[in-house]
Every structure is written in structure tokens, then in C-alpha cells.
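[1] quick one, fold the following:
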Amino acid sequence: MANGWSLLISIVFIVVFCVVAWFFSPKGENQTVWRSTLVLSAWSCWLMWAITFLAQWHPLINPERSDLRPEYVNGPVKSGSMF
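    The predicted model follows:
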């Protein structure tokens, strides 16, 4: 089961990746473009993952099924006890 450490570990991983991308991006006239692309892509992916993770970890609503037949609301009926 996931816990709060997943968020911290992922932030540390993204920070390390961004630092490495910052210092090891190819030198030249496009260095700023490379840096921006790598850092923004990493943070965007992390943000999407974090939103999805938190939405599943602490859901705002509890799902309720309303499409069940009445005999299946409290679980399936055992054979022979329906009649």
C-alpha cells in the first residue's frame, strides 16, 4: 500500500533529475531550450502523477453503484434461499 513517503521520494528523484539535467544539458546555443524542456517536462510529469496518486489515496467521494438489481444489493443470493 502506498504511503506519504512515495511523495517525498518522488520529489527527491525529480530534484536530482533536474539538477543533473541542468548541469549536463548539451552546451551550445540551444542549452537554455534543453534545460527548460527537461526541467519543465520532469515537473509536469511529476505533477500529473502526484495529482493522480493523491486522488486515489484520498478520494473525495465514495463510489456507490446504483445499477444493481435489488436482490444483489446486499450480496449475491445463495442458491435455494430465493424462493
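
[2] and the helices in this protein?
    Taking DSSP state H as the criterion, the chain contains helices spanning 5-24, 31-57.

[3] buried residues in the first one, which are they?
    Residues 7, 14, 17, 18, 21 are the ones in helix 5-24 that count as buried (16 or more other C-beta atoms under 10 Å). No exception for glycine: its C-beta is placed from N, CA and C like everyone else's.

[4] which residues touch residue 55?
    Residues in contact with residue 55, defined by C-beta atoms under 8 Å, 6 or more residues apart in numbering, are absent; none qualify.

[5] nope, residue 21 is what I meant
    Residue 21 makes contacts with 34, 35, 38, 39, 42, as judged by C-beta under 8 Å, 6+ apart.

[6] distance of the residue nearest to the first one when sequence neighbours are not counted from residue 3?
    Pointing back at residue 34 there. Nearest residue to residue 34, sequence neighbours excluded (C-beta to C-beta, 6 or more residues apart in numbering): residue 25, at 4.1 Å. Between residue 25 and residue 3 the distance, using C-beta to C-beta, to the nearest Å, works out to 34 Å.

[7] who's more crowded, those two?
    Here residue 25 and residue 3 are set side by side on neighbour count (other C-beta atoms under 10 Å), and the busier one is residue 25, at 18 against 8.

[8] quick one, phi/psi of the more buried one?
    Summarising the backbone geometry of residue 25 under the convention degrees, to the nearest 10, its torsions are phi -70, psi 150.
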